[in-house]
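Trainee: got a sequence here, can you model it:
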Amino acid sequence: MRANHHHVLRTLASSHKPRFVSNTGNARSSVAASSTSNLIQHTQHNVAPVSTKESSSPLSKLPLSSILRSLLILSVSSSSTLLKPCIYTLSVLAHPKTPLLDVAKNPLLNLLVKHSIYKQFNAGENKLEVQQSIRDIKNLGYRGVLLGYAREVLVGQGDVDPLDEKAGREETQMWLDGTMQTVDMAHEGDFVALKFTGMGNQALNLLQKQAPPTPFMDESIRKVCDLATSRGVRLLVDAEEQAVQPGIEAWTMKYQKYCNSQQPGRAIFYGTYQAYLRSTPATIAKHLEISRQEGYTLGVKLVRGAYLKTEPRHLIWAEKEETDQCYDGVIEALLTRQYNSMLKPASERHTTVPSVNVIIATHNRESVQKAHALRKQQAERGESHGVDLSYAQLQGMADEVSFELLQGANANPESTETPNVYKLLTWGSVKECMGFLLRRAIENTEAIGRTKQSQEAMFSELGRRVRKAIGSVTDIFRSLFLL
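Mentor: Sure, this is the predicted structure:
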C-alpha cells in the first residue's frame, strides 16, 4: 500500500487544488495549500520506493476486460469436465444442421459467440475491427502481428465438385480477394498467414493428390507474393492435416524459391512444421538442403501441432516429452546453425545449417525460455549466425509467456538481444472462424496443464490489481484524515 503514496498524493493534491486556490486568493486558501504542500513533502520522504514486483507484473498492461474474459475461458479450458461439452457445442456450431444453430443466420447466437470466445481469439469481421485489434496489440508493446484469414475447407467437407473448373476458379477468386485484403490490412514487418485449402475443393483435391496448382491458382498466389513483397509484409503457410500436408509443403517450397531468392539472408515466405510429427526433423533437413541448392533462405515456423485428435497416431511421437525434445532440438540446431542429434543433415557433405529465418510459435514457456536464453548467450559472446528470429503466440492464449518476453526487453532496453514478439490474429466472420475456434478447444484437451498455468497467471494478476485498488483507497482515506 505504501508503494502507491506518490501516485495517491499527487492525485490528491491535484484534486484538491480548486478548493485551495480561489479567485479572491484569501488567507485560508493559502494556509490550506501550504499544509497540503508540507504534507506531501513530509510523506514523500517517508514512503518506500515503488515495489519492483508490483510495477513489473508481466500481465499489468492487459486491460481488465481481457483479464476477466481470459479467466472465464481458461476456467472452462482447464476443466476436463467443462471442456468436453464446450467442444461438443463448438462442433455443433461449426457444422450446424438447423438455422437456429447457425451463427450466420441466428443474430442472437452470433452476438453471444462474437462477444465471448470469438473476441478472445479473433481480430474482427472487417477492416475497421481488424485494424483496431492490430493497434491494440502494438500498443501493448508487440513488434507486430501474424494476421490470417479464417476461410478454409477441410478434408471431407465442401459441396463443390472438385472437377468443376468454373466453380474452382470462383472459389480461388474468393480466396484471392480475402487474402489480398488481409495483406492490405497488415503493416510493414507484419506477417500474413495463408491457407491453401481456403481456395476450395479444387485446391483440396490437388493437394491431396500432391498435384501442382492450376495456372489460375498459381497466378493468384504470385499476386499475393508480389503485393506482400512490395509492402514489406512476410507470408507464412499454415500446416494442416496430413492428408493434404505433403501437397502443401510442395507448393510452399515452390513459392519460397519465388519470394526468398529476392533478398539474400531474408525469408519473405515461410512454411509451418509440426513438432509432434516424427517426420518433422527429416522434412526440415530436406527443405534446408533444397534451399541451399537453389540459393535462397528457408523460412521455418515451428509449432507443436493442432490436429492431434484427427491424425493417424503412428505418425506422432508416442509421448509429449518426445515432442518437446523434437521442438527444442530443432530450434537449437537452427539457431546455432549446427546440425545435432535431432536435426540431422539431409546430405553428409554439409555439417552446418544453411541460411534460415525462424519463428518460434509455441505457448510452451520452457521452449521459449530456452531459445531466448540461447540467443542472449550468443549476443553476449558476440556471435552472429544471421538467423532472423521471431516469437509468436495466439491472441488470447499464453499471454503470460508473451509478456515475459516483452518485459525482459523493456527491462534491458540496451540489450543486443531484443526479442521480436508477435501475436497471431485470425480474422473473418463469426461463421468463418468457427473451425478455427473448434481447433483451439480441441488443442486445449491435450494441454490442460499449460492452460492451468495461464489461468493461475491471470488469477495472480487479478489479485494484484484488487490489492492495489484496496491499497489506493486506504491511502486516500489516510491522507484525508491527515489533512
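Trainee: going by C-alpha atoms from here, please, whenever you check contacts or count neighbours.
Mentor: Noted.
Trainee: how is this protein partitioned into domains?
Mentor: Using automatic domain parsing, the domain parsing of the chain gives 1-50, 61-116+447-483, 126-427.
Trainee: could you dump those domains to JSON lines with distance to Met434?
Mentor: Output for the domains of the chain, formatted as JSON lines (distance: least, Cα to Cα, whole Å):
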{"stretch": "domain 1-50", "distance to Met434": "44"}
{"stretch": "domain 61-116+447-483", "distance to Met434": "5"}
{"stretch": "domain 126-427", "distance to Met434": "9"}
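Trainee: which parts of the stretch 201-350 of the chain are helices?
Mentor: 201-208, 215-231, 245-260, 280-294, 320-336 (DSSP state H, counting those that start in this stretch).
Trainee: biggest helix in this protein, by residue count?
Mentor: Scanning the chain for the helix with the most residues, using DSSP state H, yields helix 448-482.
Trainee: same for it, what does it pack against?
Mentor: Secondary-structure packing of helix 448-482 (3 or more Cα pairs under 8 Å, 6 or more residues apart in numbering; DSSP states H and E): helix 5-20, helix 64-77, helix 399-411.
Trainee: now with 7 Å, please.
Mentor: With contacts taken as 3 or more Cα pairs under 7 Å, 6 or more residues apart in numbering; DSSP states H and E, helix 448-482 sits against helix 5-20, helix 64-77.
Trainee: before we move on, the earlier item: JSON lines for the domains of the chain, including mean pLDDT?
Mentor: Below are the domains of the chain laid out as JSON lines (pLDDT from 0 to 100):
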{"stretch": "domain 1-50", "mean pLDDT": "38"}
{"stretch": "domain 61-116+447-483", "mean pLDDT": "84"}
{"stretch": "domain 126-427", "mean pLDDT": "91"}
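Trainee: buried deepest among the ones you listed, which one?
Mentor: Greatest average neighbour count among the domains of the chain goes to domain 126-427 (a mean of 19), per mean count of other Cα atoms under 10 Å.
Trainee: got a list of what Lys232 touches?
Mentor: Just to correct that, residue 232 is Gly rather than Lys. Glu188, Gly189 (Cα atoms under 7 Å, 6 or more residues apart in numbering).
Trainee: how much space between it and Trp175?
Mentor: Distance of Gly232 to Trp175, computed by Cα to Cα, to the nearest Å: 21 Å.
Trainee: Val358 bridge partners, please.
Mentor: Following DSSP bridges, Val358 is listed with bridge partners Val300, Leu389.
Trainee: that one contacts Lys301, doesn't it?
Mentor: Yes - counting by Cα atoms under 7 Å, Val358 does reach Lys301; the two are 5.8 Å apart.
Trainee: what's the burial count for Phe436?
Mentor: 18 (other Cα atoms under 10 Å).
Trainee: can you name every helix or strand that the helix or strand encompassing it contacts?
Mentor: Using DSSP states H and E, Phe436 maps to helix 434-445. Here helix 434-445 touches helix 80-94, going by 3+ Cα pairs under 7 Å, 6+ apart.
Trainee: figure out which of the domains of the chain is closest to Arg439.
Mentor: domain 126-427 (6.8 Å; Cα to Cα).
Trainee: just how off-centre is that closest one within its chain?
Mentor: Per Cα atoms, centre = their mean, to the nearest Å, the displacement of domain 126-427 from the mean C-alpha position of its chain is 12 Å.
Trainee: next: stretch 65-84.
Mentor: How far stretch 65-84 lies from its chain's middle: 18 Å, per Cα atoms, centre = their mean.
Trainee: over to stretch 467-482?
Mentor: 38 Å.
Trainee: how about stretch 421-439?
Mentor: The answer for stretch 421-439 is 11 Å, by Cα atoms, centre = their mean.
Trainee: ok, stretch 458-468 next?
Mentor: In terms of Cα atoms, centre = their mean, the centre of stretch 458-468 is set 24 Å apart from its chain centre.
Trainee: which ones are touching the closest residue to Val330 other than its chain neighbours?
Mentor: Of all residues not flanking Val330 in the chain, Leu343 sits nearest, at 5.6 Å (Cα to Cα, 6 or more residues apart in numbering). Contact partners of Leu343, counting by Cα under 7 Å, 6+ apart, are Pro281, Ala285, Gly329, Val330, Ala333.
Trainee: pretty sure the fourth one is touching Met342, no?
Mentor: Yes - using Cα under 7 Å, Val330 is in contact with Met342, at 6.3 Å.
Trainee: circling back: separation between the residue nearest to Val330 and Asp238?
Mentor: In this view, Leu343 and Asp238 are 21 Å apart by Cα to Cα.
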